[in-house]
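1. I need the structure of the sequence given here:
(chains A, B, C and D)
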2 protein chains.
Amino acid sequence: MPELQNETEQQIIEAATDVFLEKGKSGARMQEIADRAGINKALLHYYFRSKILLYQRVFASQAKILFSGMLEAMVVGQDLRSGLYGFVDRYMDIVAGNPRLISFIMWEIREGGEEMSRILKEKFQEMGFQSVPLLEVLRTGKTTSGNPIPNPEQFFLSLMGMCIYPFIARPLLTRVVPELRPEDPDFLTARKQHIMAFIDTYLDR
Amino acid sequence: MPELQNETEQQIIEAATDVFLEKGKSGARMQEIADRAGINKALLHYYFRSKILLYQRVFASQAKILFSGMLEAMVVGQDLRSGLYGFVDRYMDIVAGNPRLISFIMWEIREGGEEMSRILKEKFQEMGFQSVPLLEVLRTGKTTSGNPIPNPEQFFLSLMGMCIYPFIARPLLTRVVPELRPEDPDFLTARKQHIMAFIDTYLDR
DNA sequence: GTCTATACGGGGATAGAC
DNA sequence: GTCTATCCCCGTATAGAC
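-> Below is the predicted model:
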């Protein structure tokens, strides 16, 4: 599966990834990809046949990397609270470390996300999941008082949204609310703590 | 300012809005816009000179509509709790009613959002705001126990993210978690209630 | 204002030499 | 494998008739 690539192929993939993530599928130019890879257009086609094939290759690769990380982050241990803490910690590291990729995937989702769903299903099987592991844990978990967690699906959506929002809205946020600096490491720490506090209030009832 | 448009111009704008929101700036085709407007390409250029100008017109118009709604939703009255309730109610109606536009704006934000920031600043002045009104209220507001609201910026981010996330992630969500149906009116109600409950736990401390 | 016809350039893709 | 040169379509834009 990894089919180890030669130097040139690797450089093409890297350049293509950069350009596609920046400009989008239709905004990307083969010329620019070639330039950044330090080769010419003909060689691009020699390696990847067409723009759409190159795009699919890049997209699948990026989506797999992202989903692997996210799904792994969603695997939590026996203790619910610390498990959720761990999820937030790992998940936000991924999001904060790949803001361009996140926004790109969000745009792709908008187009229906069939290809993405396919890749995701694949990852599910690969990892042996029947459904979203984090959500499963929330559905069977108990609050501090021993009751089932209320509205686990809603809680799940809230967690995801809280983690992701500052990073997809960042360029606008920093202009409207200059005090917020999502690119600052301190911000990431503060954000995690805030979300963990939210988890506490949700579990302690 | 509204400079009332004639029939044809209006149809062009509508068609262009649809196409740009669906395909993005570079993915959109003048031919498709012309077709949907029931005219030919030459007439497009007669009215709007170039694709980029047409795009800017559409973008500015949509951004203004969206920002007006959002900023209005962020104006809350004297009572903090009911004010926040009202914000969630109005804001989520906007988001749920314009998912394509939301995703589109998110993509534009990714590109730096300079033009958007310009438009937003304009709206701020127009409405007489110094800063985000909702955030201002959170900064000066008190919890039930009379203390300042902790981390108002973080709380603000959480609110925004909770409201928006289900609708930008929808196509993927519905495949991974089929029980979630963001397009269902019942979902919208449930989501609002959940977020309002979150507001309660945050204020009642 | 609205059309047909066409110019022009950009960008994906290929041929063919090395 | 890598290059140069070239093809050719598609998409933007314009000319000019009505």
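2. Would you mind finding the longest helix in chain A?
-> In chain A, assigned by DSSP state H, the helix with the most residues is helix A:51-73.
3. So which elements touch the following helix or strand past that helix?
-> Using DSSP states H and E, the helix or strand that follows helix A:51-73 in sequence is helix A:80-97. Judged by 3 or more C-beta pairs under 8 Å, 6 or more residues apart in numbering or on different chains; DSSP states H and E, helix A:80-97 is in contact with helix A:51-73, helix A:133-140, helix A:152-168, helix A:185-203. Where you see a C-beta, it was placed from the backbone N, CA and C, and this is true even at glycine.
4. Would you mind telling me which of those is nearest chain B?
-> Closest to chain B of the helices and strands packed on helix A:80-97 is helix A:152-168 (C-beta to the nearest C-beta; 2.9 Å).
5. and A:M196, what does it touch?
-> Neighbouring residues of A:M196 by C-beta atoms under 8 Å, 6 or more residues apart in numbering or on different chains: A:L84, A:Y85, A:V88.
6. Please give me every residue in contact with the first one.
-> So that's A:L84. A:L84 touches A:V76, A:L159, A:M196, A:I199, A:L203, counting by C-beta under 8 Å, 6+ apart.
7. From B:Y202, how far out is the closest residue to A:A96 other than its chain neighbours?
-> Counting by C-beta to C-beta, 6 or more residues apart in numbering or on different chains, A:A96 lies nearest to A:L188, which is 5.2 Å off, once chain neighbours are set aside. With distances taken as C-beta to C-beta, to the nearest Å, A:L188 is found 21 Å from B:Y202.
8. if we can go back for a sec, what comes into contact with the longest helix of chain A?
-> Contacts for helix A:51-73 (C-beta under 8 Å, 6+ apart): A:12-13, A:16-17, A:20-21, A:25, A:28, A:30, A:33, A:44, A:48, A:86-87, A:90-91, A:94, A:98, A:101-102, A:104-105, A:108, A:115-116, A:119-120, A:123-124, A:127, A:129, A:133.
9. can you tell me which of these are up against DNA strand C?
-> Among the contacts of helix A:51-73, proximity to DNA strand C is found for A:A28, A:M30 (C-beta under 7 Å from any atom of the strand).
10. Of the contacts of helix A:51-73, which belong to helices?
-> The helices, defined by DSSP H, take in A:12-13, A:16-17, A:20-21, A:30, A:33, A:44, A:48, A:86-87, A:90-91, A:94, A:101-102, A:104-105, A:108, A:115-116, A:119-120, A:123-124, A:127, A:133 from these.
11. and those residues, which are buried?
-> Buried members of those, scored by 16 or more other C-beta atoms under 10 Å in any protein chain shown, are A:12-13, A:16-17, A:20-21, A:30, A:33, A:44, A:48, A:86-87, A:90-91, A:94, A:101-102, A:104-105, A:108, A:116, A:119-120, A:123-124, A:133.
12. on that earlier part again, are the longest helix of chain A and DNA strand D in contact anywhere?
-> No. Helix A:51-73 lies out of reach of DNA strand D by C-beta under 7 Å from any atom of the strand, never closer than 12.5 Å.
13. So what's the residue count around the nearest residue to A:F167 once chain neighbours are set aside?
-> Nearest non-adjacent residue to A:F167, counting by C-beta to C-beta, 6+ apart: A:P99, 4.7 Å away. Using other C-beta atoms under 10 Å in any protein chain shown, A:P99 has 18 neighbouring residues.
14. A:P99 against A:Y165, yeah?
-> No. Between A:P99 and A:Y165 there is no contact under C-beta atoms under 8 Å: 11.6 Å.
15. contacting residues around A:K23?
-> By C-beta under 8 Å, 6+ apart, the neighbours of A:K23 are A:R29, A:E32, B:S26.
16. per-residue confidence for the second one?
-> In other words, A:E32. Per-residue confidence at A:E32 stands at 98 (pLDDT).
17. Could you pull up the residues touching it?
-> Shown in contact with A:E32 (C-beta under 8 Å, 6+ apart): A:V19, A:K23.
18. Kindly report the same for the first one.
-> With contacts defined as C-beta under 8 Å, 6+ apart, A:R29 is in contact with A:V19, A:K23.
19. again with A:V75
-> By C-beta under 8 Å, 6+ apart, A:V75 lies in contact with A:P133, A:L134.
20. how close does it get to A:N98?
-> A:V75 is 19 Å from A:N98, where distance means C-beta to C-beta.
21. Could you do A:F156 as well?
-> Here A:F156 is placed at a distance of 21 Å from A:N98 (C-beta to C-beta).
22. Looking at these two, which is more packed in?
-> Using other C-beta under 10 Å as the criterion, A:F156 and A:N98 rank with A:F156 on top: 21 against 18.
23. wouldn't that one be in contact with A:V137 here?
-> No. A:F156 lies out of contact with A:V137 (C-beta under 8 Å); the separation is 9.8 Å.
24. what about the one helix or strand A:R36 maps to and DNA strand D, touching?
-> Per DSSP H and E, A:R36 falls inside helix A:30-37. No. Residues of helix A:30-37 are not located near DNA strand D by C-beta under 7 Å from any atom of the strand, the shortest gap being 8.0 Å.
25. how about low-confidence regions in chain A?
-> A:1-4 (pLDDT under 70).
26. Contact residues of it facing DNA strand C?
-> When proximity is defined as C-beta under 7 Å from any atom of the strand, chain A approaches DNA strand C at A:A28, A:R29, A:M30, A:Q31, A:K41, A:A42, A:H45, A:R49, A:S50, A:K51, A:I52.
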